[in-house]
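Colleague: Next comes the sequence, and after it the predicted model I'd like to discuss.
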Amino acid sequence: SQKIEQNSEALNIQEGKTATLTCNYTNYSPAYLQWYRQDPGRGPVFLLLIRENEKEKRKERLKVTFDTTLKQSLFHITASQPADSATYLCAPYNQGGKLIFGQGTELSVKP
Amino acid sequence: EAQVTQNPRYLITVTGKKLTVTCSQNMNHEYMSWYRQDPGLGLRQIYYSMNVEVTDKGDVPEGYKVSRKEKRNFPLILESPSPNQTSLYFCASSLKREANYGYTFGSGTRLTVV
């Protein structure tokens, strides 16, 4: 069955450092992959989308890579700030026309 | 402001008492969807709608109903709620279902069934 794996353990980093979050998927080949941010008790907020023919996408301090051979996407936040603390969800899109959400990785940025 | 509005934000109800959670979007989006989020299980799709009068089951549709009579509204109906439907619910919308459009989520409805 299709499976998405994100780091289950929380990621704790110091302010100013680069945070790197991992999303691995198995048993399918998504044409697109989206990343969302979710704060506690709130709805996810769309951040970035990357297509299978794009290796990398950037938006301000955010960078996403998509390696279809490794079946992996990496999400980077450079110059991290305490306000970046949240849970980040990856959501690959399968050929069935469905967005499947990972369980998310909690990021905590300490001042 | 472009948004998805869900109501109520919090709801406590008793087993078997029918309830409706409303969802409305003001972006003229074709695609709308309901999710539930539970610890350790992530976001799971309940139902979705590609457009007016077009709805289909997601991964966990049992015990839920939806309707899409107007483009902007997509209510979630629990005809006979049970404790296992206690969860955090999100409505989402997108211009179209295709994944090159990001989804806009509502603020969520925390439902407790006792």
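Modeller: Now that the structure is in, tell me what you want to look at. Numbers count the residues shown, from 1 in each chain, chains lettered A, B, ... in the order given.

Colleague: Outside of the longest strand along chain B itself, which residues are in contact with it?
Modeller: Longest strand in chain B, counting residues (DSSP state E): strand B:42-51. Strand B:42-51 has contacts (C-beta atoms under 8 Å, 6 or more residues apart in numbering or on different chains) with A:44, A:89, A:98, A:101-104, B:30-38, B:55-61, B:64-66, B:68, B:71, B:74, B:76, B:89-90, B:97. No exception for glycine: its C-beta is placed from N, CA and C like everyone else's.

Colleague: run the last query once more with 7 Å
Modeller: A:101-104, B:30-37, B:55-61, B:64, B:66, B:68, B:74, B:97 (C-beta atoms under 7 Å, 6 or more residues apart in numbering or on different chains).

Colleague: Pairing partners for the helix or strand of chain A with the lowest mean pLDDT, with directions?
Modeller: Ranked by mean pLDDT, DSSP states H and E, the helix or strand of chain A with the weakest confidence is strand A:98-99, at a mean of 80. In the sheet, strand A:98-99 lines up against strand A:86-94 (antiparallel) (DSSP bridges).

Colleague: quick one, the strand it pairs with and strand B:42-51 angle?
Modeller: Calculated by axes from the mean of the first three to the mean of the last three C-alpha atoms, to 10 degrees, strand A:86-94 forms an angle of 50 degrees with strand B:42-51.

Colleague: Work out the gap between strand A:86-94 and the centre of the chain.
Modeller: 5 Å (C-alpha atoms, centre = their mean, to the nearest Å).

Colleague: Just the buried ones among the contacts of strand B:42-51, please.
Modeller: By neighbour count, with 16 or more other C-beta atoms under 10 Å in any protein chain shown, the contacts of strand B:42-51 hold A:101-104, B:30-37, B:55, B:58, B:60-61, B:64, B:66, B:68, B:74, B:97 as buried.

Colleague: Contact residues of chain B facing chain A?
Modeller: B:42-43, B:90, B:97, B:99-100, B:102-108 (C-beta under 7 Å from any C-beta of the partner chain).

Colleague: Now do the strands in the chain.
Modeller: I'll assume chain A. A:3-6, A:11-14, A:19-26, A:32-38, A:45-51, A:56-59, A:62-67, A:72-77, A:86-94, A:98-99, A:105-110.

Colleague: wrong one, I was asking about chain B
Modeller: B:4-7, B:10-13, B:19-25, B:31-38, B:42-51, B:54-57, B:65-66, B:76-78, B:87-94, B:104-105, B:109-113.
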